[in-house]
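Peer 1: Below is the structure, and that's it, no one-letter string:
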């Protein structure tokens, strides 16, 4: 009997216990053998760890467990021991489940909601960070440029500090480099955005603006002019990537807010108009922050340069005509505007503060702005071929919607530079003096920032309202300016001038915010937005260059050109809306499918991985040929109450 039980307790008892039990049956009676076999098989089924012995042969029986003799005398003791061992094994499994398994209080739906709530907060953080970076960048650029132009205009400053340098000639070349270089931006801006990505294009452009600030520490031809040319190169990429980034954040917020929708889970394109609410809100937030850059730009003049300026009776002594009667840029203005020269140390301190702000903008973009696309989407965007990326901006301009918006793009460039030069100098400074220039532009900036929130009316009213309201306000002001010539050195006219600055800021806010919202609504396809915003800011840069060229014209000619451009823009936009309401088809260029290299990092768009490299390349070439044959597609314009546009040619980027 002892042999039968002990054989059952050897390690691997399921195989060896049966053999030992068979040996016992051969040496004992049949009745006794049957009873023993029943006990052995019971141990085989329920107990597997009682046969472990130490090196001296002593059984490792835990305290409280039955001994061999006890199990032989009472079979129930063996069953109890088996249950105890099975319970300990089950306890180990429970402990393992506690470590790697699902927590009993885990709520999958609640955790999913928390995850996507964090994602939505991250999108809002990205929008605020991009807005802050753009505000700091443009504020530093405008503030430094304005301060340096005033200092270099003073002939005493030029003679004392740079007697052997022609600073006026250098300033003209700086302005030429800033305004002329963007003419070629349509050729390289989409390539930059596709190659570096939206975020890194923003970072690169902000870094170039910081380079421009640093070049003013040592004012020489070979530092100022090259940095000005670099600014001209970076202008269109910066604002195109910023506009694209804000619109893309609105789309991502929609995805995170509607993560349970089937098209979001399958990464298909959202229904048309689904992201419009978020586009309106995010563009409003951006322009509310951005227009404060005109306020930030006046800080160097307000806290530093105004302490060195002559009063208006000196600077405006030779000025005879203001406003609509003036020619060029404030003729008769005194060549000496500084009653004392600022110390070089003070200039270095001011420029260091501006440099710190520019560096802060770089850090904000680098650390706080997340990526606009997933890595696989970035690969898709770059894989359509550099030749196609180069051509697509020109092909998009065959869309009649963009062609009808071109006059608004041009007027947008006219008005922003006119308020900083024509109105502020020929009206504001001519009547109030140079020392009031900062306050006039601050009134404009505060008004534009506050009135940007009026674009939220698009959520309740038709989308035409912001653009047409801004055009109406500007038209009324242009007619007023055309008929009004303020008296030189007549401070009593200050309330009217500040009122015009505030109203002009309202019109600018509605204009800028309305155009960006409209582009986001018309072109919701995330593959096209960088091309569309590039076209917008390129035409705006061309308009700014035109304003730079016409600086010598009479004021009445400038106002007439702007009034004509505004009327043409409003009429063209209304014509576009009418054509959309009539469902007139528009042409959109087909974007080729991504072509992925089969070597190195291999990214497959589909799950069909049986295709060889040669077959894949052949299929890609055949697809490109089909795309070339069917390059432009006609899209019927579907109007839902005149507010929405048709679906795109297909759903992509699934």
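Peer 2: Ah, there it is. Values in this document were obtained by computation on a predicted structure and should not be read as measured data.

Peer 1: going forward, measure contacts and count neighbours with C-alpha atoms only.
Peer 2: Fine.

Peer 1: Can you list phi and psi of residue 342 for me?
Peer 2: The main-chain torsion angles of residue 342 are listed as degrees, to the nearest 10 and equal phi -70, psi 140.

Peer 1: Is it correct that it is in contact with residue 309?
Peer 2: No. With contact defined as Cα atoms under 8 Å, residue 342 does not reach residue 309; the gap is 10.3 Å.

Peer 1: Same drill for those two, tell me which one is more crowded.
Peer 2: Using other Cα atoms under 10 Å as the criterion, residue 342 and residue 309 rank with residue 309 on top: 21 against 15.

Peer 1: what's the distance between the more buried one and residue 488?
Peer 2: Using Cα to Cα, to the nearest Å, one obtains 18 Å as the distance from residue 309 to residue 488.

Peer 1: How about residue 175?
Peer 2: Here the criterion is Cα to Cα. By it, residue 175 lies 28 Å from residue 488.

Peer 1: So for the two, which sits in the more crowded spot?
Peer 2: Taking other Cα under 10 Å, residue 175 and residue 488 do not tie; residue 488 has more neighbours (25 against 18).

Peer 1: which residues of this structure fall in strands?
Peer 2: Using DSSP state E, the strands found in the chain span residues 586-589, 632-635.

Peer 1: Go through the ones you listed and find the least confident stretch.
Peer 2: The stretch with the lowest mean pLDDT among the strands of the chain is strand 632-635, at a mean of 58.

Peer 1: For residue 392, the count of nearby residues, please.
Peer 2: 18.

Peer 1: any idea of the pLDDT on it?
Peer 2: 91.

Peer 1: just the one 10 residues further on next, same as before
Peer 2: What the model reports as pLDDT for residue 402 is 94.

Peer 1: How many neighbouring residues does the nearest residue to it once chain neighbours are set aside have?
Peer 2: Counting by Cα to Cα, 6 or more residues apart in numbering, residue 396 is the residue found nearest to residue 402 once chain neighbours are left out, at 7.7 Å. Residues contacting residue 396 under the criterion other Cα under 10 Å number 21.

Peer 1: doesn't residue 591 make contact with residue 396?
Peer 2: No. Shown here, residue 396 and residue 591 do not form a contact pair, counting by Cα under 8 Å, at 10.6 Å.

Peer 1: What residues does the residue nearest the centre of the chain make contact with?
Peer 2: The central residue of the chain, meaning the one whose C-alpha is nearest the mean C-alpha position (Cα atoms, centre = their mean), is residue 245 at 2.5 Å. Residues in contact with residue 245, defined by Cα atoms under 8 Å, 6 or more residues apart in numbering, are 198, 199, 372.

Peer 1: Need the residues that contact stretch 135-154.
Peer 2: 157-158, 167-168, 171, 206, 209-210, 213, 289-301, 305, 335-338, 351, 354, 357-358, 361.

Peer 1: Model confidence score at residue 110, please.
Peer 2: Turning to residue 110, the model gives it a pLDDT of 86.

Peer 1: Give me the distance between it and residue 119.
Peer 2: With distances defined as Cα to Cα, the gap from residue 110 to residue 119 amounts to 14 Å.

Peer 1: Name the residue in the two with the higher neighbour count.
Peer 2: A direct count of neighbours by other Cα under 10 Å for residue 110 and residue 119 places residue 119 higher, at 17 against 9.

Peer 1: Tell me if I'm right that that one and residue 257 touch.
Peer 2: No. Between residue 119 and residue 257 there is no contact under Cα under 8 Å: 9.1 Å.

Peer 1: What subset of the contacts of residue 245 is buried?
Peer 2: 198, 199, 372 (16 or more other Cα atoms under 10 Å).

Peer 1: ok, those vs residue 273, which is closest?
Peer 2: residue 372 (19.9 Å; Cα to Cα).

Peer 1: Quick check: phi and psi at that closest one.
Peer 2: In this entry, residue 372 is assigned phi and psi values of phi -90, psi -20 (degrees, to the nearest 10).

Peer 1: do you know how far it is from residue 529?
Peer 2: On the measure of Cα to Cα, residue 372 and residue 529 end up 12 Å apart.

Peer 1: wait, what's in contact with the residue nearest to residue 402?
Peer 2: Under the criterion of Cα under 8 Å, 6+ apart, the contact list for residue 396 reads 402, 531, 532, 588, 589.

Peer 1: ok, and the most crowded of those?
Peer 2: residue 531 (28 neighbours).

Peer 1: Could you measure from the closest residue to that residue other than its chain neighbours over to residue 301?
Peer 2: In space, and not counting its chain neighbours, residue 531 is closest to residue 393: 5.3 Å by Cα to Cα, 6+ apart. Using Cα to Cα, residue 393 is found at 40 Å from residue 301.

Peer 1: so who does the residue nearest to residue 531 touch?
Peer 2: Listed by Cα under 8 Å, 6+ apart, the contact set of residue 393 reads 186, 190, 531, 532, 534, 535.

Peer 1: Please repeat the previous calculation with a cut-off of 10 Å.
Peer 2: Applying Cα atoms under 10 Å, 6 or more residues apart in numbering, we find residue 393 in contact with 186, 187, 189, 190, 528, 530, 531, 532, 533, 534, 535, 589.

Peer 1: For burial, what's the neighbour tally of the third one?
Peer 2: A total of 29 residues lie near residue 189 under the criterion other Cα under 10 Å.

Peer 1: was I right about it contacting residue 205?
Peer 2: No. Here residue 189 does not reach residue 205: they are 11.1 Å apart, not a contact under Cα atoms under 10 Å.

Peer 1: which residues are common contacts for these two?
Peer 2: Each of 233, 234, 235, 236, 237, 238, 241 lies in contact with both residue 189 and residue 205 under the rule Cα under 10 Å, 6+ apart.

Peer 1: Low-confidence bits of the chain, can you list those?
Peer 2: 1-104, 164, 596-654 (pLDDT under 70).

Peer 1: Just give me the longest helix of it.
Peer 2: With DSSP state H applied, the helix covering the greatest number of residues in the chain is identified as helix 108-153.

Peer 1: what's the offset of that one from the middle of its chain?
Peer 2: Mean-position distance between helix 108-153 and its chain equals 9 Å (Cα atoms, centre = their mean, to the nearest Å).

Peer 1: Find residues that contact each of residue 119 and residue 257.
Peer 2: The overlap between the contact sets of residue 119 and residue 257 (Cα under 10 Å, 6+ apart) consists of residue 113.

Peer 1: re earlier: mark which of the contacts of stretch 135-154 are part of helices, please.
Peer 2: Mapping the contacts of stretch 135-154 onto helices (DSSP H) picks out 157-158, 167-168, 171, 206, 209-210, 213, 289-290, 293-296, 299-301, 351, 354, 357-358, 361.

Peer 1: tell me, what's touching residue 372 and residue 529 both at once?
Peer 2: Taking Cα under 10 Å, 6+ apart as the contact definition, residue 372 and residue 529 share the neighbouring residues 244, 245, 247, 248.

Peer 1: Report the distance from stretch 371-380 to the chain centre.
Peer 2: Per Cα atoms, centre = their mean, the centroid offset for stretch 371-380 relative to its chain is 13 Å.
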